[in-house]
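# Please work out how this folds:
(2 chains)
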2 protein chains.
Amino acid sequence: MSTATAPASSTAHADALRALEARYGTPWSAPLPAWNETLDSLLAHRSVRNYADRPLPEGTLETLIAAAQSASTSSNLQTWSVVAIEDPERKARLAALAANQSQVREAPLFLVWLADLSRLEAAGQRTDTSIEGLHYLETLVVGMIDAALAAQNAVVALESLGMSAVYIGAIRNRPEQVAAELGLPPRVMPVFGMCVGYPDETRPAAIKPRLPQPVVLHREQYNVPSQVGEIAQYDEVTRAFQTSQGQSAAGWTARSLARWRSAESLHGRDRLRDALNALGFELR
Amino acid sequence: MSTATAPASSTAHADALRALEARYGTPWSAPLPAWNETLDSLLAHRSVRNYADRPLPEGTLETLIAAAQSASTSSNLQTWSVVAIEDPERKARLAALAANQSQVREAPLFLVWLADLSRLEAAGQRTDTSIEGLHYLETLVVGMIDAALAAQNAVVALESLGMSAVYIGAIRNRPEQVAAELGLPPRVMPVFGMCVGYPDETRPAAIKPRLPQPVVLHREQYNVPSQVGEIAQYDEVTRAFQTSQGQSAAGWTARSLARWRSAESLHGRDRLRDALNALGFELR
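Alright, predicted model coming up:
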């Protein structure tokens, strides 16, 4: 990383400011200590749902998983696994289970990221060791976090290679059916899916502006009062973005509240606790 | 990303193979389609607990949070926040709550990443909109995943800038006390902490080898039978690593099983569900 701590050159500095402005939809006002290719790639993230008809180079999946396994994992327990699906019929069945999202069918590679407590359970059985800890909510939380950190490293890796992805939370709409489709043993949870492919450049995805930093970043203690005005401003930024994308200009607040309005608006995920129990998680 | 899809040069190729071999403790056998600076940085990750006495450049925190906010977030709900702590006394109190881990005190910057449902709840109150969805396990899962994706982007960003980090899961040992220390409103969960600083080059951290890929990566369906021999081989790799680090050569299986042996070995996290209830999560 020879460039890691070098001060940003003036070109890099201009690129950085452009990327940060796109991310927030407002000018960047903080100092900018340094910039590099990795930050460029992180800031340029967008979720892509339209893929080019172009296969992934040999070795891509293995490279992404090496990046994923390089992420931190709680106590090196590595309580995650991933299933890579390329079979069109299996992708179609998984798409049907995940709110019929067409990108699950259309992406050349679909990954289902798993919180996996079965590996340690099997090791306990082989060595005749009881492993009481498996039955607590905490250990599933560890598995979900492990899976998320790994998956995000894979996204960073694939984007650095010119590919794109989108997370598919709808894989939690019908967890038991997904588990059956993938032949999961007990105590393995499908946490989310991920479509991977080269982006279709004829249907480019836009960078979605995020909440102003003062809303999510707190200093020393959580700061409630600062949020209201900033969120109102963000609703304006979001309305402008939605209009530019030909969407209805509902803003962020109204659209977000609608998403979680009722149990029904969770599309089956209101029964996630029952589904996890059925998959062998006691959640004590 | 001019280098994104270029084939790896022979120097880059050799560097890549070295990085991959360090990550697994065994030679790399898959094809290698391309390589770049970002993959270098991802593969070189190690958790660092010893920091140099060197302040972070101005603007570092804001840059890391911009990277974090660039990560995917479920339905753009952005159900996470982060508290940045630099006050030595508050860091010391948080260290005491997190199994007395000295790195929490010693890192120049300590971040507590939060699953934050309070922001949407407050928006609902302001607009007199009911938001029933908040009370389900699913919505806390969304918050935890959002927080983890954001945090991992911050790690990738800071490592690309020559800094290091370590996740602190022990922030979940006593969640109510952490919430009180940080002044968290109801329906905000401290998911994990993170120490950030420049690494102390006089006490370098090693790259920890991970499970062989066939153990975590499954094709089309979950494959149980392949795992046993690979895990036995990994126990050998881990014993060699532990010996090289002056640790007892317990291997991975025995050490991992011990970590979750009993409710007591969870160090308070066996009561995470009760703690979350107390923090206002119904977990329906």
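
# When you work out contacts or count neighbours from here on, use the C-alpha atoms and nothing else.
Will do.

# Can you verify my assumption that residue A:205 contacts residue A:51?
No. With contact defined as Cα atoms under 8 Å, residue A:205 and residue A:51 do not form a contacting pair (10.6 Å).

# Looking at the two now, which is surrounded by more residues?
residue A:51 (23 against 16; other Cα atoms under 10 Å in any protein chain shown).

# For the lengthiest strand in chain A, the averaged confidence score.
In chain A, assigned by DSSP state E, the strand with the most residues is strand A:188-197. Mean pLDDT, strand A:188-197: 98.

# Please give me every residue in contact with the residue most central in space within chain A.
With distances taken as Cα atoms, centre = their mean, chain A has residue A:167 as the residue nearest its mean C-alpha position (4.7 Å). Going by Cα atoms under 8 Å, 6 or more residues apart in numbering or on different chains, residue A:167 touches A:47, A:192, A:193, A:194, A:195, B:72.

# hmm, who's touching the longest strand of chain A?
Taking Cα under 8 Å, 6+ apart as the rule, strand A:188-197 contacts A:49, A:51-52, A:54-56, A:103-104, A:107-118, A:144, A:147, A:163-172, A:175, A:178-179, A:276, A:279-280.

# Show me which positions of the worst-scoring helix or strand of chain A on mean pLDDT end up buried.
The helix or strand of chain A with the poorest confidence is helix A:10-24; it has a mean of 90 (mean pLDDT, DSSP states H and E). Under the neighbour-count criterion of 16 or more other Cα atoms under 10 Å in any protein chain shown, helix A:10-24 has A:12, A:13, A:16, A:19, A:20, A:22, A:23, A:24 buried.

# if we can go back for a sec, looking at the contacts of residue A:167, which is nearest residue B:284?
Using Cα to Cα, residue A:192 comes nearest to residue B:284 of the contacts of residue A:167, at 19.8 Å.

# Please name the bridge partners of the closest one.
residue A:113 (DSSP bridges).

# Farthest-apart pair in the contacts of residue A:167, please.
A:47 and A:192 (14.4 Å).

# Can you select the buried ones from the contacts of strand A:188-197 in PyMOL?
Listed next is the PyMOL selection for buried residues among these, using 16+ other Cα under 10 Å:
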select buried, chain A and resi 49+51+52+103+104+107+108+109+110+111+112+113+114+115+116+117+118+144+147+163+164+165+166+167+168+169+170+171+172+175+178+179+276+279+280
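
# The contacts of strand A:188-197 in strands, which ones?
A:109-116, A:164-168.

# re the thing from before, please say which of residue A:47 and residue A:192 ends up with more neighbours.
Using other Cα under 10 Å as the criterion, residue A:47 and residue A:192 rank with residue A:192 on top: 24 against 18.

# distance of the more buried one from residue A:78?
For residue A:192, the distance to residue A:78 (Cα to Cα, to the nearest Å) stands at 17 Å.

# Surely residue A:222 forms part of a strand?
No. Secondary structure assignment places residue A:222 outside any strand; it is coil (DSSP: H, G, I helix; E, B strand; the rest coil).

# which sections of the stretch 1-150 of chain A are below the confidence cut-off?
A:1-8 (pLDDT under 70).

# mind running it again at 90?
Flagging of the stretch 1-150 of chain A using pLDDT under 90 yields the residue ranges A:1-15, A:32-33, A:130.

# since we're on residue A:139, how many residues are nearby?
Quick note: residue A:139 (other Cα under 10 Å) scores 24 neighbours.

# again but with residue A:231, I slipped
19.

# roughly how far apart are it and chain B?
Separation of residue A:231 from chain B (Cα to the nearest Cα, to the nearest Å) stands at 9 Å.

# Also residue A:119?
For residue A:119, the distance to chain B - Cα to the nearest Cα - is 8 Å.

# contacting residues for that residue?
The contact partners of residue A:119, by Cα under 8 Å, 6+ apart, come to residue A:79.

# try residue A:249
Contacts of residue A:249 (Cα under 8 Å, 6+ apart): A:238, A:239, A:240, A:242, A:243.

# Which ones among those residues lie within helices?
Counting by DSSP state H, the part of the contacts of residue A:249 found in helices is A:238, A:239, A:240, A:242, A:243.

# between these, which is closest to residue A:218?
residue A:238 (22.2 Å).

# Can you report how many residues lie near the closest residue to the closest one other than its chain neighbours?
In space, not counting the residues next to it along the chain, residue A:238 is nearest to residue A:251; the distance is 5.2 Å by Cα to Cα, 6 or more residues apart in numbering or on different chains. Using other Cα under 10 Å, residue A:251 has 19 neighbouring residues.

# Distance-wise, check residue A:251 relative to residue B:128.
From residue A:251 to residue B:128 the distance is 16 Å (Cα to Cα).

# what's near enough to touch the nearest residue to residue A:49 once chain neighbours are set aside?
Leaving out its chain neighbours, the residue that sits closest to residue A:49 by Cα to Cα, 6+ apart is residue A:103, at 5.6 Å. Residues in contact with residue A:103 (Cα under 8 Å, 6+ apart) are A:49, A:50, A:95, A:195.

# Please verify my assumption that the first one contacts residue A:163.
By that I understand residue A:49. No. Counting by Cα under 8 Å, residue A:49 stays clear of residue A:163, with 11.7 Å between them.

# Quick check: neighbours shared by the two?
With Cα under 8 Å, 6+ apart as the test, residue A:49 and residue A:163 both reach residue A:199.

# domains of chain A?
Taking automatic domain parsing as the domain assignment, the ranges for chain A are A:1-44, A:60-203, A:208-267.

# most tightly surrounded among those?
Burial of the domains of chain A is given as mean neighbour count (mean count of other Cα atoms under 10 Å in any protein chain shown); domain A:60-203 ranks first at a mean of 22.

# Distance from that one to the middle of the chain?
Centroid separation for domain A:60-203 versus its chain: 10 Å, with Cα atoms, centre = their mean, to the nearest Å.

# and the end-to-end length of it?
23 Å.

# same check, this time on stretch A:177-192
14 Å.

# What angle do strand A:109-116 and the helix ranked longest in chain A make with each other?
Taking DSSP H as the criterion, chain A has its longest helix at helix A:137-160. Between helix A:137-160 and strand A:109-116, the angle comes out at 160 degrees (axes from the mean of the first three to the mean of the last three Cα atoms, to 10 degrees).

# circling back: tell me if the following helix or strand past the least confident helix or strand of chain A is near chain B.
Per DSSP states H and E, the first helix or strand lying C-terminal to helix A:10-24 is helix A:37-43. Yes. Against chain B, helix A:37-43 shows contacts by Cα under 8 Å from any Cα of the partner chain at A:37, A:38, A:39, A:41, A:42, A:43.
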